[in-house]
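Trainee: Need the 3D shape of this:
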Amino acid sequence: MADKKLTGQTALVTGANSGIGAGVAKSLGQAGANVIVNYVSKPEDAEAVVAEIKGYGVDALALMADVSKEDQVQAMFKQAIDHFGTLDILVNNAGLQRDAKFHEMTLAQWQLVIDVNLTGQFLCAREAIREFLRRGPRPEVSKATGKIICMSSVHELIPWAGHANYASTKGAIKMLMQSLAQEYGDRKIRVNSICPGAIQTPINTAAWSTPEAYNSLMTLVPYNRIGQPDDIGNLAVFLASDDSDYITGASIFIDGGMTVFEGFSTGG
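Mentor: Numbers count the residues shown, from 1 in each chain. Predicted coordinates:
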């Protein structure tokens with residue numbers, strides 16, 4: 001059984017009804033946190049994640065909200081705080097892709113990715129920080145007054161042709177995360193980013209679903225395996241716990257070595 005490092009704390013995970021978000025939500029629940037599972041579609045998937053988390057002996061709640069809409073985000077945070085009393089951990093995970101060659105990219109494709117991936121993180125982080133400041137420290141459960149984990153990507157560092165909108169949001173998330181860590185560190189609010197590489201989730205099925213695609217992907221990953229949502233979940237538990245109390249403003253890459261650019265291993 002997982003170490004209950006987060007007992008007595010409440011976490012909100014956006015986009016948590018599938019993929020990385022679901023993996024993170026389950027890992028936080030296994031570590032003893034109560035979890036709000038945010039979703040925007042497929043409520044039955046969110047309820048399945050909630051049921052699994054409740055099986056770990058903690059409470060969980062599925063809440064629908066489009067993170068790009070201010071009124072929906074504020075309503076979600078109010079429901080979450082009304083239900084659990086407060087919030088200790090935010091995992092800003094919700095994100096999407098609308099890929100296109102740049103010269104063919106529509107304004108709608110650009111704007112939707114910015115709205116969800118970047119503005120969504122702004123709106124949720126702002127509400128979380130407001131709650132942390134309102135509540136103040138809870139030293140009986142955590143050394144930090146609050147923890148925010150931003151889901152970034154290796155593409156905050158690695159450019160990505162054909163995905164300019166997505167890569168732009170991830171570069172921006174790095175600066176948002178670091179600016180918040182700088183602004184609120186004296187209030188003991190810790191803000192960090194997880195930067196996944198290739199993770200086996202529904203969003204990128206084409207990249208791993210055939211042996212040919214998988215082998216091609218592995219030419220980019222020195223460690224020679226695809227990541228799993230559990231890998232991200234384990235890191236999220238660490239960043240949400242007192243084990244990482246001196247870590248803030250950090251981008252932590254979890255990518256099997258993708259950011260060491262294996263293509264140059266033979267001399268470039």
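
Trainee: Helices along the stretch 51-200 of the chain, start to end?
Mentor: Along the stretch 51-200 of the chain, counting by DSSP state H, counting those that start in this stretch, helices occupy 70-84, 107-113, 120-135, 164-184.

Trainee: need these in JSON lines with mean pLDDT and mean neighbour count, can you?
Mentor: C-beta here means a position set from N, CA and C on the backbone, and glycine is covered the same way. Output for the helices of the stretch 51-200 of the chain, formatted as JSON lines (pLDDT from 0 to 100; neighbours: other CB atoms under 10 Å):
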{"stretch": "helix 70-84", "mean pLDDT": "98", "mean neighbour count": "16"}
{"stretch": "helix 107-113", "mean pLDDT": "98", "mean neighbour count": "15"}
{"stretch": "helix 120-135", "mean pLDDT": "99", "mean neighbour count": "20"}
{"stretch": "helix 164-184", "mean pLDDT": "98", "mean neighbour count": "19"}
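
Trainee: With distance to Asp230 added, can I get these in TSV?
Mentor: Rendered in TSV, the data for the helices of the stretch 51-200 of the chain read as follows (distance: least, CB to CB, whole Å):
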stretch	distance to Asp230
helix 70-84	25
helix 107-113	27
helix 120-135	23
helix 164-184	22
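
Trainee: Minimum distance to Leu96: which of those has it?
Mentor: Across the helices of the stretch 51-200 of the chain, Leu96 has its closest neighbour in helix 107-113 (6.5 Å, CB to CB).

Trainee: thinking again about what came up before, ok, which of the helices of the stretch 51-200 of the chain comes nearest Val260?
Mentor: Across the helices of the stretch 51-200 of the chain, closest to Val260 is helix 164-184 (CB to CB), at 18.2 Å.

Trainee: Give me the contact list for that closest one.
Mentor: 95, 97-100, 102, 105, 109-110, 113-114, 117-118, 121-122, 125, 129, 132, 148, 150-153, 155-156, 158-160, 189-193, 195, 248-249, 251 (CB atoms under 8 Å, 6 or more residues apart in numbering).

Trainee: redo that, cut-off 6 Å
Mentor: Residues outside helix 164-184 that contact it (CB atoms under 6 Å, 6 or more residues apart in numbering): 97, 102, 110, 113, 117-118, 150, 152-153, 155-156, 160, 191, 193, 248-249, 251.

Trainee: Check whether Asn38 sits in a helix, strand or coil.
Mentor: With DSSP: H, G, I helix; E, B strand; the rest coil as the basis, Asn38 sits in strand.

Trainee: What count of nearby residues applies to it?
Mentor: 29 (other CB atoms under 10 Å).

Trainee: which ones are touching it?
Mentor: By CB under 6 Å, 6+ apart, the contact list for Asn38 reads Thr14, Ala16, Leu63, Ala65.

Trainee: circling back: go through the helices of the stretch 51-200 of the chain and name the closest to Leu6.
Mentor: Leu6 lies closest to helix 70-84 among the helices of the stretch 51-200 of the chain, at 13.0 Å (CB to CB).

Trainee: Report how far apart the opening and closing residues of stretch 115-123 are.
Mentor: One end of stretch 115-123 to the other measures 10 Å (CA to CA, to the nearest Å).

Trainee: who touches it?
Mentor: Val67, Ser68, Glu70, Val73, Asn92, Ala94, Gly95, Leu96, Cys150, Thr169, Ala172.
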